[in-house]
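**Student:** Predicted structure and sequence below. I'll ask about it afterward.
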Amino acid sequence: MTDLYISVGIDVGADFSFMSIALPNQTFVGKPFRITHSNLNSLQTAVSKIKEAEESYSLKARIFLESTGVYHYPLFCYLRDKGFNVSVINPIITNNSTNLNIRKVHNDKFDSKKLALIALKPDLKVSLMPSDFVLNIRNLVREYYRLTDQCSAYVNKLTAVLKVSFPEYIGVFSKLTVDTSLALLDKYPSPDALLSARKTSIIKLIRSTARFGEAYAEEKYEKLVAAARTAKIFGHSLQSDTELIRLYISMIRTYDNAAEQVMKSVRNITEAQPDELFVKQIRLLETIQGCGFLSAVTLMCEIGDFSVFSSPKKLYAYLGLDPAVKQSGKFKGTNVKLSKRGSKLARRVLHMMAVNNIGISSNGKPKNPVLRSYYENKCLSKPKMVAISAVIHKLCNIIFAILRDNKPFELITPQQHNQDFQFAHLSVA
């Protein structure tokens, strides 16, 4: 970005945007122009204005759009297809930039001018727009999490209602939302309904939805009856509870089925393109302990183009795992926390991976002895959450190394790693 260029800043909205054109000397060409997205003449006029500025000043234009959800993408594609150099700027950069004057001003016209001036900085960092292939997967993965979060919200609501109307029912099954449990609640949503039902009917329903035999059904029936009798003593069931229970079950099933279909689509897309670099990187991440397909595809979707990261620290910062430093003069903030400015989904997945890796398997052995030992050593001097954050950083190092070297994960102790490092350097020497 050392060459001179005309900077075109576009403040994007849902239905219209404002465009400002700035020259290298920070003066503006004309006034901010309103682009109406649904008006083809308005879009063509914007293109003409940019080309006129290029011809008048014998400079190429670079167009900069602020990332605003999904609204910037159609305009980005339209201008890119017209042959322009188009980039996307993270809103964090524009929000933290100094205002153009002393007055506190915030409107679309002013923001487009501010964006055009910010884009003239030679050290400006822009976001890379992923390919359509990656965007397809990213959109589906993010929708999957939205659906599962909504499903979890209704599970919490169902639990809350049962704690009042049918408290002991929650402990009958290992998980409240298993098919057998939901089928029983849907048909017998209150203690009275269950107690008045025939034993044979309840056992038949249990056997038709569970994979176990007669003994299992008999055991669950006895527990259900006991729970219903207890609820008659300590519990209060209203007619509204019955309606809400059935409503929540319906919503849980709807969201669960929708999430399942979305994830099926994600798998179909990746399996149909096994030679895509992005898919190969997903497969590499799946070799990490505690990283299944969902975790791997989520991380790759949030990372996007790995080639832009030249060091693990840049990956930390991108994912919001870097410390938020507070320092001014002699003051130094001691309560340092993560910046959390990157992807929430990526941090969510990394946290689950960290917890999985430091866990103990059913045979009593650590799932990942290296990270478990690292975590325990950190816990000697740090709080547990700080120690988990350190494990997450270690996982980021592993992810970076796997994607950089294009090699699957291999569990190596620190001692073996040092030996391999020294051997490699001795061989070079």
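**Tutor:** Now that the structure is in, tell me what you want to look at. Numbers count the residues shown, from 1 in each chain.
**Student:** ok, for residue 199, nearest residue in space, not its chain neighbours?
**Tutor:** Sequence neighbours aside, residue 221 is the residue nearest to residue 199 in space, at 6.3 Å (criterion: Cβ to Cβ, 6 or more residues apart in numbering). Heads up, the C-betas are built off the backbone N, CA and C, glycines and all.
**Student:** Run through the residues that contact the one you found.
**Tutor:** Residues counted as contacts of residue 221 (Cβ atoms under 8 Å, 6 or more residues apart in numbering) are 199, 202-203, 206.
**Student:** at 10 Å what do you get?
**Tutor:** 172, 184, 194, 199-200, 202-203, 205-206 (Cβ atoms under 10 Å, 6 or more residues apart in numbering).
**Student:** try residue 210
**Tutor:** Contacts of residue 210 (Cβ under 10 Å, 6+ apart): 173, 178-181, 183, 216-217, 220.
**Student:** do the same with residue 158
**Tutor:** Residue 158 touches 170, 176-177, 181-182, 185, 244-245, 247-249, 251-252, counting by Cβ under 10 Å, 6+ apart.
**Student:** try 8 Å
**Tutor:** 176, 185, 245, 248-249, 252.
**Student:** Next: residue 286.
**Tutor:** 292-293, 296.
**Student:** tell me the centre residue of this protein?
**Tutor:** The centroid of the chain falls nearest to residue 345 when counting by Cα atoms, centre = their mean (2.3 Å).
**Student:** Please determine how far it is located from residue 141.
**Tutor:** Distance check for residue 345 against residue 141: by Cβ to Cβ, to the nearest Å, it reads 8 Å.
**Student:** Residue 20: which element?
**Tutor:** strand 16-22 (DSSP states H and E).
**Student:** Tell me which residues of that strand come out buried.
**Tutor:** 17-22 (16 or more other Cβ atoms under 10 Å).
**Student:** Also stretch 269-284?
**Tutor:** Quick answer for stretch 269-284 (16+ other Cβ under 10 Å): 269-270, 276, 278-279, 281-282, 284.
**Student:** Now do stretch 237-250: everything it contacts.
**Tutor:** Residues outside stretch 237-250 that contact it (Cβ under 8 Å, 6+ apart): 154-155, 157-158, 161-162, 164-166, 182, 185-186, 189-193, 231.
**Student:** same thing but at 6 Å, please
**Tutor:** 154, 157-158, 161, 165, 182, 185-186, 189-190 (Cβ atoms under 6 Å, 6 or more residues apart in numbering).
**Student:** same deal with stretch 257-264?
**Tutor:** With Cβ under 6 Å, 6+ apart as the criterion, stretch 257-264 contacts 140, 143-144, 147-148.
**Student:** Try it again at 10 Å.
**Tutor:** Against stretch 257-264 from outside (Cβ under 10 Å, 6+ apart): 139-151, 293-294, 297.
**Student:** Now which of the contacts of stretch 237-250 would you call buried?
**Tutor:** If we count by 16+ other Cβ under 10 Å, the contacts of stretch 237-250 have these buried: 154, 157-158, 161, 165, 182, 185, 189-190.
**Student:** Can you tell me which of the buried residues of strand 16-22 comes closest to residue 388?
**Tutor:** Nearest to residue 388 out of the buried residues of strand 16-22 is residue 17 (Cβ to Cβ; 42.3 Å).
**Student:** That closest one touches residue 63, doesn't it?
**Tutor:** No - if you go by Cβ atoms under 10 Å, residue 17 and residue 63 don't touch, sitting 11.1 Å apart.
**Student:** anything in contact with each of the two?
**Tutor:** 10, 46, 75.
**Student:** who's in contact with the last one?
**Tutor:** Counting by Cβ under 10 Å, 6+ apart, residue 75 touches 10, 12-13, 17, 19, 35, 37, 43, 46, 63, 65, 68, 86.
**Student:** Report the residue spans of this structure with pLDDT below the cut-off.
**Tutor:** 1-2, 92, 94-106, 322-341, 414, 417-429 (pLDDT under 70).
**Student:** Can you show me the strands along it?
**Tutor:** 6-12, 16-22, 33-36, 61-66, 85-89, 323-324, 327-328, 331-332, 337-338 (DSSP state E).
**Student:** what's the most buried one of those strands?
**Tutor:** strand 6-12 (a mean of 26; mean count of other Cβ atoms under 10 Å).
**Student:** one step back: reformat the strands of the chain as a markdown table; add distance to residue 239.
**Tutor:** What follows is those, written out as a markdown table (distance: least, Cβ to Cβ, whole Å):
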| stretch | distance to residue 239 |
| --- | --- |
| strand 6-12 | 50 |
| strand 16-22 | 50 |
| strand 33-36 | 53 |
| strand 61-66 | 52 |
| strand 85-89 | 53 |
| strand 323-324 | 51 |
| strand 327-328 | 61 |
| strand 331-332 | 61 |
| strand 337-338 | 48 |
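**Student:** Nearest to residue 111 among these would be which one?
**Tutor:** Ranking these by proximity to residue 111 (Cβ to Cβ) places strand 6-12 first, at 4.2 Å.
**Student:** how distant is that closest one from the center of its chain?
**Tutor:** With Cα atoms, centre = their mean, to the nearest Å as the basis, strand 6-12 stands 28 Å off its chain's centre.
**Student:** Report the strands that pair with that strand, each with its relative direction.
**Tutor:** strand 16-22 (antiparallel), strand 61-66 (parallel) (DSSP bridges).
**Student:** and those as JSON lines, adding distance to residue 383?
**Tutor:** Below are the strands paired with strand 6-12 laid out as JSON lines (distance: least, Cβ to Cβ, whole Å):
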{"stretch": "strand 16-22", "distance to residue 383": "46"}
{"stretch": "strand 61-66", "distance to residue 383": "38"}
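**Student:** Nearest to residue 358, out of those strands?
**Tutor:** Judging these by Cβ to Cβ, what sits closest to residue 358 is strand 61-66, at 39.5 Å.
**Student:** one step back: could I have the CA atoms of the strand holding residue 20 written out in PDB?
**Tutor:** Taking Å, rounded to 0.1, in the frame of the first residue of the first chain, the C-alpha atoms of strand 16-22 are listed here in PDB:
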ATOM      1  CA  PHE A  16     -28.400   2.100   1.300                       C
ATOM      2  CA  SER A  17     -24.800   3.200   1.800                       C
ATOM      3  CA  PHE A  18     -22.900   6.400   1.600                       C
ATOM      4  CA  MET A  19     -19.700   6.700  -0.400                       C
ATOM      5  CA  SER A  20     -16.900   9.300  -0.100                       C
ATOM      6  CA  ILE A  21     -13.900   9.700  -2.300                       C
ATOM      7  CA  ALA A  22     -10.600  10.900  -0.800                       C
END
